[in-house]
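1. Requesting a structural model of the entry that follows:
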Amino acid sequence: MKTSRAFWDTSAIVPFCCHQDASHQLRQLRRRRPNVAVWWGMMVEARSAMARLMNEGKMSVTGLQQAVARLEAQRSSWLEVAPSDKVRNLAAEMPERYGLRALDSFQLAAALVWCRERPRGRLFVCCDVVLVNAAVGAGFDIYP
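-> Just a heads-up that it's a prediction; the model follows:
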């Protein structure tokens, strides 16, 4: 793998910050490729997913606090793709093109803006099957 930046979807950020099956593998990737790009709305989406895990009894209050602390600690080193007309316009095409829901459409659109719509050879880190298929269709390399 190259040492360049990788785009991380929320579905990979959450297990990176929490204790889940993919956590170890994602933390290893982060050590090998420390430069991360994320979508502007990822923080809200990640905190929502973490709260849902706690509310469903899959994570303790302490686990949630630790996950949020890990998320906040990592945030300062990440490149954040800001909301823009370009992101919104690309995202608007994603439901028809790839069958994505709204937030996944924004994730993929932000990744495309991050790579200037040249995804070949760019890594998209994602643990969501539907979004993985869309990212492959758009031309990204996928991890895991």
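2. Okay, helices next: where are they in this protein?
-> Applying DSSP state H to the chain gives helices spanning 10-17, 23-32, 42-55, 61-75, 85-98, 102-114, 129-138.
3. and the fifth one, which residues are buried?
-> So the one you mean is helix 85-98. Buried residues in helix 85-98, counted by 16 or more other Cβ atoms under 10 Å: 87, 90-91, 94, 98. (C-beta placed from N, C-alpha, C; glycine too.)
4. V125 bridge partners, please.
-> Beta-bridge partners for V125, by DSSP bridges, are W8, Y143.
5. I'd guessed it sits against D9; true?
-> Yes - with contact defined as Cβ atoms under 8 Å, V125 reaches D9; the gap is 6.5 Å.
6. In JSON lines, list the helices of the chain along with mean pLDDT and distance to S4.
-> Output for these, formatted as JSON lines (pLDDT from 0 to 100; distance: least, Cβ to Cβ, whole Å):
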{"stretch": "helix 10-17", "mean pLDDT": "97", "distance to S4": "17"}
{"stretch": "helix 23-32", "mean pLDDT": "94", "distance to S4": "11"}
{"stretch": "helix 42-55", "mean pLDDT": "97", "distance to S4": "19"}
{"stretch": "helix 61-75", "mean pLDDT": "96", "distance to S4": "18"}
{"stretch": "helix 85-98", "mean pLDDT": "98", "distance to S4": "21"}
{"stretch": "helix 102-114", "mean pLDDT": "97", "distance to S4": "11"}
{"stretch": "helix 129-138", "mean pLDDT": "98", "distance to S4": "16"}
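7. In JSON lines, list these along with distance to G121.
-> As requested, these are exported to JSON lines (distance: least, Cβ to Cβ, whole Å):
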{"stretch": "helix 10-17", "distance to G121": "19"}
{"stretch": "helix 23-32", "distance to G121": "16"}
{"stretch": "helix 42-55", "distance to G121": "23"}
{"stretch": "helix 61-75", "distance to G121": "24"}
{"stretch": "helix 85-98", "distance to G121": "19"}
{"stretch": "helix 102-114", "distance to G121": "13"}
{"stretch": "helix 129-138", "distance to G121": "13"}
